[in-house]
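Undergrad: predicted coordinates and the sequence they were generated for:
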Amino acid sequence: MKSLSLTSIAIILSSFALFSPAHAACLNTDVIANPNDLVGKTVCVVGESQEFHDASGDLIDYKKGAGDPVDQTTSVGSWSISGTNITYNYGSSTFTYTYRQNPDRYCGANGEFLIAEILDGLSQCSWAAVAP
C-alpha cells in the first residue's frame, strides 16, 4: 500500500472544509424565501433565540413568557425587510440576513443560523420548553 504524502493529506482535508455543511449551506443557488412570511410569527433559531416578528417592526423575545417572574417576554429591538433581506437592529448591533429554505435558515455575513421552527403568533419554541 502506498503512503500518502503530507501534501496529499492537506489537499484532501481542505476539500472537506470547502464542502462541509457550514460552507455549502448558504450558496447563491439556494431558494430565497419571502421574508414577509415571517410577519406575525415566532422564529425559533436552534438553541439561540425565539423572536416574534410583529407587523409594527417590533422584535419581541418570548424568553419564558409574560407570566414568568424573572425572565419575561420583552422587546429586544426591531426588524425590517428590504427586498429579500431582513435586518435586525438590537440597539448598537445590526445584522442583515437572507431567509432561505430547505432547510429554513438565515444566511448573513456573520454566519448561518438554522431555524428549528416557525410558529404562528407570539409563542414559546419547543426547544425552549424543555431547556432548564
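TA: Looks like it came in fine.
Undergrad: tell me the centre residue of the protein?
TA: Nearest to the mean C-alpha position of the chain, counting by CA atoms, centre = their mean, stands residue 113 at 3.3 Å.
Undergrad: go ahead and confirm it touches residue 45.
TA: Yes - Residue 113 is in contact with residue 45 according to CB atoms under 8 Å; the separation is 4.9 Å. The way it works is simple: take the backbone N, C-alpha and C, and place the C-beta from them, glycine included.
Undergrad: give me the common contacts of those two.
TA: Contact criterion CB atoms under 8 Å, 6 or more residues apart in numbering; residues shared by residue 113 and residue 45: residue 106.
Undergrad: coming back round to it: so where does the residue nearest to the centre of the chain fall, helix or strand?
TA: Here residue 113, judged by DSSP states H and E, is contained in strand 111-120.
Undergrad: residues of that strand that come out buried?
TA: 112-113, 115-119 (16 or more other CB atoms under 10 Å).
Undergrad: repeat for stretch 89-101
TA: Neighbour-count burial for stretch 89-101 flags 89, 95, 97-100 (criterion: 16+ other CB under 10 Å).
Undergrad: give me the subset of these lying in strands.
TA: 89, 95, 97-100 (DSSP state E).
Undergrad: ok, what's across the strand from residue 78?
TA: Residue 78 has these beta-bridge partners by DSSP bridges: residue 58, residue 89.
Undergrad: gap between residue 48 and residue 127?
TA: 10 Å (CB to CB, to the nearest Å).
Undergrad: likewise residue 78?
TA: In terms of CB to CB, residue 78 sits 24 Å off from residue 127.
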